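Novice: predicted coordinates and the sequence they were generated for:
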Amino acid sequence: MTLYFHAASLAFFNTEISGAHTLEVDDPTWVRPMVDVPDPAWKRPRIRVIDADWDGQGEPTFHSIEDPAAVAPTVSIQDIDAPAPQKVIPNPDCTLPPKAELVEISPTQHAELFAELYRTGRPLGADAQGYPVLLDVPPLSNEQRAVIERDWRDHQLASTDALVARHRDEVDTQQATTLTGEQYQELQQWRMGLRHWPQARAFPGAEQRPTIPQWLEALRHP
């Protein structure tokens, strides 16, 4: 089996599934040669010989045997052992792209490439010679980073709405509060920082995000 890579479609092919571009077939114009062989219908003639036990006295006695010196005539038949010359023809069942668009790769290259692809998630591409390579992921644009940061900000606000609502309910009903007054103030200051985050000069730099209160981080990741 031969493995190929097709740069135009970033696809892999193999001859086991798609077939080879060409086939070798017996040359239809070839005529099988003739070869001379002993005539299979020939029967060895018999001759008369004196009996071995004749003592030389009186008339000899004879018996017949096959003539060991006789040579069988030959007949010409087709040589069934002669190999037919091969002719290369296009494979009508081949589904490979044109050969000029393909590069051959080894099974080892194929396995290593996919192992790296699954490990890193880097996109598949082709180099200048048409061989498969894994491309470096381009850095995110400011617009893409801004979308990510706004999604992160919205998630942080939504995930702490319940803390704010519970504290207010506890205060309104004059119950003991789950959060201390200081914690509640820190929470609200952090949430205000989140709301102003998209307007900050450092936005959308993730490393400059508003710092989550330590007690809240510990609550999330005990």
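Specialist: Noted; the coordinates are in hand.
Novice: and the helices in this protein?
Specialist: For the chain, the helices identified by DSSP state H occupy 15-18, 107-120, 142-172, 181-196, 214-220, in order along the chain.
Novice: buried set for the shortest one?
Specialist: So that's helix 15-18. Applying a neighbour-count criterion of 16 or more other CB atoms under 10 Å, one finds Ser18 buried in helix 15-18. Using the backbone N, CA and C atoms, a C-beta is placed for each residue, glycine as well.
Novice: tell me how the protein divides into domains.
Specialist: The record, using automatic domain parsing to delimit domains, assigns the chain the ranges 1-25+85-137, 142-220.
Novice: starting at the chain centroid, how far to the longest one?
Specialist: Using CA atoms, centre = their mean, to the nearest Å, we find the averaged C-alpha position of domain 142-220 to lie 48 Å away from the chain's own average C-alpha position.
Novice: show the average pLDDT along it.
Specialist: Per-residue pLDDT over domain 142-220 has a mean of 94.
Novice: ends of that domain, how far apart?
Specialist: 29 Å (CA to CA, to the nearest Å).
Novice: kindly report the same for the shortest one.
Specialist: Counting by CA to CA, the length from the leading to the trailing residue of domain 1-25+85-137 is 33 Å.
Novice: just how off-centre is it within its chain?
Specialist: Between the mean C-alpha location of domain 1-25+85-137 and the chain-wide mean there is a distance of 9 Å, by CA atoms, centre = their mean.
Novice: likewise stretch 78-87?
Specialist: Using CA atoms, centre = their mean, the distance from the centre of stretch 78-87 to the centre of the chain it belongs to is 38 Å.
Novice: again, but for stretch 208-222
Specialist: Taking the mean C-alpha point of stretch 208-222 and that of its whole chain, the gap between them comes to 45 Å (CA atoms, centre = their mean).
Novice: so what's Gln183 up against?
Specialist: Pro213, Trp215, Leu216 (CB atoms under 8 Å, 6 or more residues apart in numbering).
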